[in-house]
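Peer 1: one predicted model, sequence on top.
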Amino acid sequence: MGNNKDINKNIKRNQGDDKSLEFLDLKSINNLKISDHLQDRKVLFKEPSPIEYSNFFRPGMGTENVGGFLRSLIMMLRPNRILEIGAGYSTPFLLEGLVNNKRVFDDGNLKENYFKNYSYDPKLIILDNQTLGKLIQNKGMREIIDSNYTEFIEGSFEGNGRCLFKKYGFFDFVWFDCGGPIEYENFIREYWNYCSNYILFHFTYSNGKPNLNHKIIREKINENTIIFDIVEPHKNRQGSITILKKECL
Ligand SMILES: C[S@@+](CC[C@H](N)C(=O)[O-])C[C@H]1O[C@@H](n2cnc3c(N)ncnc32)[C@H](O)[C@@H]1O
């Protein structure tokens, strides 16, 4: 734990000078007093757990399993600039992941270098033109829009790329969930150079096979990029994610 004491000191010292570090809440693993609401459930491991954020659930959008996955990725990757195109059930999970990143568990395994000159001022930028219904009417959406960590833009993503890049810089985590081949192509053409790390596209398989959205991604991305598909075997549509990771050369 010697190193971690140094990290703690480092962070505390830096917190004095650097506003962006005020975001961080370093939790020593020995002092954890975190209640586990699941442990209180009488039916633990006997019944499926209740669906989270049920107010946001949008039947037919296919993201009931995606939400928790996105939240975990945000907590694992700690991105600074998250862009969501096509809001709904996925949105609260993205925001929750980002807010959870205030807390870092100090279990003796922290990388000292990571916290040197550490700066974390994350933002979730949400774009939706509301063509599939007014999201703002969902209970809880107001809290998301009013969060300090979000910017909600009611409008189409097309034509907004440069302006958002100027304001926020590179997007290091993108969740794209809107439209079909035309939108996928428009997004890649306009936003690709503004993305720096992970880009996740929803709905890239139909009936278990790569669909036109997937074809567009493969054809339009010619840079050195890792592409990986996750396919939900029990679904016809809206049951897959294609993850792209830009390779740093
Ligand atoms: C498939 S839904 C998103 C589902 C959402 N991610 C979820 O988990 O429930 C697509 C969303 O994209 C929005 N949309 C459609 N075309 C758009 C465009 N060109 N720009 C921005 N938003 C768009 C629709 O209003 C709709 O809310």
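Peer 2: Okay, I see it.
Peer 1: count the neighbours of the residue in the chain positioned nearest to the ligand for me.
Peer 2: The chain approaches the ligand most closely through G88 (2.4 Å), counting by CB to the nearest ligand atom. Just so you know, the C-beta spots here come from the backbone N, C-alpha and C atoms, and that holds for glycine as well. G88 has 22 neighbouring residues, counting by other CB atoms under 10 Å.
Peer 1: what about it, distance to V104?
Peer 2: According to CB to CB, to the nearest Å, G88 and V104 sit 29 Å apart.
Peer 1: kindly report the same for N236.
Peer 2: 40 Å.
Peer 1: more neighbours: the two, which one.
Peer 2: Neighbour totals were compared for N236 and V104, and V104 leads with 20 against 11 (other CB under 10 Å).
Peer 1: for this structure, what spans make up the helices?
Peer 2: 2-17, 66-77, 90-100, 141-146, 161-168, 181-191, 212-220 (DSSP state H).
Peer 1: re the thing from before, test my guess that the residue of the chain closest to the ligand contacts R58.
Peer 2: Yes - counting by CB atoms under 8 Å, G88 touches R58, with 4.6 Å between them.
Peer 1: in stretch 166-174, what counts as buried?
Peer 2: Neighbour-count burial for stretch 166-174 flags Y168, F171, D172, F173, V174 (criterion: 16 or more other CB atoms under 10 Å).
Peer 1: any idea what the residue lying closest to Y205 once chain neighbours are set aside is bridged to?
Peer 2: Take Y205 and drop its neighbours on the chain: the residue closest to it by CB to CB, 6 or more residues apart in numbering is S240, 3.8 Å away. Beta-bridge partners recorded for S240 (DSSP bridges): V231.
Peer 1: quick one: contacts for S240?
Peer 2: In this structure, S240 makes contact with H202, F203, T204, Y205, D229, I230, V231, E232, judged by CB atoms under 8 Å, 6 or more residues apart in numbering.
Peer 1: wait, doesn't the fifth one sit right on L244?
Peer 2: The one in question is D229. No - with contact defined as CB under 8 Å, D229 and L244 do not form a contacting pair (10.4 Å).
Peer 1: quick revisit: can you add neighbour count and distance to E96 and give the contacts of S240 back as CSV?
Peer 2: As requested, these are exported to CSV (neighbours: other CB atoms under 10 Å; distance: CB to CB, whole Å):
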residue, neighbour count, distance to E96
H202, 21, 19
F203, 25, 23
T204, 25, 25
Y205, 22, 27
D229, 14, 25
I230, 15, 20
V231, 14, 25
E232, 16, 22
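Peer 1: let me know the closest of the residues you listed to E185.
Peer 2: T204 (13.2 Å; CB to CB).
Peer 1: how about the residues of this structure near the ligand?
Peer 2: Contact residues (CB under 6 Å from any ligand atom) of the chain with the ligand: 58, 61, 63, 85-90, 127-132, 156-158, 177-179, 183.
Peer 1: about what we covered before: most neighbours per residue, which of the helices of the chain?
Peer 2: helix 90-100 (a mean of 22; mean count of other CB atoms under 10 Å).
Peer 1: same question for it, mean pLDDT?
Peer 2: What helix 90-100 shows for mean pLDDT is 97.
Peer 1: no more questions from me, cheers.
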